[in-house]
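Q: what's the 3D shape of this:
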Amino acid sequence: MLTNLFSIFEPTSSIFNLSINWISTFLGLLFIPYFFWASPSRWSLFWSKITSTLHKEFKTLLLPSHQGTTILFVCLFSFIVFNNFLGLFPYVFTSSSHMTLTLSLALPLWISLMLFGWINHAQHMFAHLVPQGTPPILMPFMVIIETISNVIRPGTLAVRLMANMIAGHLLLTLLGNTGPSLSTTLLSLLIFSQILLLLLESAVAVIQSYVFAVLSTLYTGEIN
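A: As a prediction, the model looks like this:
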């Protein structure tokens, strides 16, 4: 039973003491076998076009030595966009609106990039701490600023995705709770506004998935 407004974003729903909220994360796996046994349809061709376009775009953002990692970021985009869209269905927990999932995606990626960069390209990583043309007197401050900006990257990736997904869902919930107390005319306006917000949330679901994947690609491209 939901005890407060924000409890809809917490993994607390259960049946027989088994948490069922995170099952929504694995629902996207049900769509994968379809591409293997079904004949090519408009949907499968459309999705193939999206993945090939993303592959070409990520390829231009990455260095030649990192070209093979484009499939990782295409899969990352696909996973996030599936979770975002599945969360738009009523009574389905949006796993991407929870810090547990978003930080689990951003933190291992950032740690692996840092380990790879500092082990294999330590001199290049040190050079990144001091931008070219920095006055000598400002170098200690620039090292501190660049270090902090680098450390908070996984947090900004996780919080950006979580905040954008939870904001729209929270607004839809707040507006929906006012429905029983409204007149027929205001209720019609409310339903129309809810439909517009749902369309906006659909766009946000795609945009935030794309932003997460592109920023991850840019962070990878900085490691030479």
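Q: please enumerate the helices of this protein.
A: Using DSSP state H, the helices of the chain run over 23-26, 34-37, 42-61, 70-86, 99-120, 122-128, 139-151, 153-177, 184-221.
Q: would you mind finding the most buried of those helices?
A: Comparing those on average neighbours per residue, with mean count of other CB atoms under 10 Å, the densest one is helix 70-86 at a mean of 20. Where you see a C-beta, it was placed from the backbone N, CA and C, and this is true even at glycine.
Q: roughly how far is that helix from the heart of the chain?
A: 8 Å (CA atoms, centre = their mean, to the nearest Å).
Q: how about residues contacting it?
A: With contacts defined as CB atoms under 8 Å, 6 or more residues apart in numbering, helix 70-86 is touched by 24-25, 27-28, 31, 51, 54-55, 58-59, 62, 92, 94-96, 101, 105, 109, 161, 165, 202, 204-206, 208-210, 212-213, 216-217, 220.
Q: rerun that using 6 Å as the cut-off
A: Outside helix 70-86, the residues that touch it by CB atoms under 6 Å, 6 or more residues apart in numbering are 24, 27-28, 51, 54-55, 58-59, 92, 95-96, 205-206, 209, 212-213, 216-217.
Q: stretch 125-136 now?
A: With CB under 6 Å, 6+ apart as the test, stretch 125-136 has contacts from 117-118, 139, 142-143, 146.
Q: for these, point out the one with the lowest pLDDT.
A: Ranked by pLDDT, these bottom out at residue 139, which has 80.
Q: list the contacts for that one?
A: Contacts for residue 139 (CB under 6 Å, 6+ apart) come out as residue 130.
Q: try 10 Å
A: By CB atoms under 10 Å, 6 or more residues apart in numbering, the residues touching residue 139 are 129-131.
Q: hang on, the earlier thing: how about the contacts of stretch 125-136 in TSV, adding distance to residue 189?
A: What follows is those, written out as TSV (distance: CB to CB, whole Å):
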residue	distance to residue 189
117	53
118	56
139	58
142	53
143	55
146	50
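Q: report the two of the residues you listed separated the most.
A: 117 and 139 (20.4 Å; CB to CB).
Q: so residue 212 touches residue 157, yeah?
A: Yes: counting by CB atoms under 10 Å, residue 157 is a contact partner of residue 212 at 6.1 Å.
Q: mutual contacts of those two, please.
A: 102, 105-106, 109.
Q: run a quick neighbour tally on residue 131.
A: Number of residues near residue 131 (other CB atoms under 10 Å) recorded here: 12.
Q: next one: it from residue 149, what distance?
A: As judged by CB to CB, to the nearest Å, residue 131 and residue 149 stand 11 Å apart.
Q: what's the answer for residue 102, then?
A: Distance, residue 102 to residue 149, using CB to CB: 19 Å.
Q: ok, now residue 108?
A: 20 Å.
Q: now do residue 113
A: From residue 113 across to residue 149, the span is 14 Å (CB to CB).
Q: over to residue 105?
A: Distance of residue 105 to residue 149, computed by CB to CB: 20 Å.
Q: what do you get for residue 141?
A: For residue 141 relative to residue 149 (CB to CB), the value is 12 Å.
Q: repeat that for residue 62.
A: Residue 62 is 21 Å from residue 149, where distance means CB to CB.
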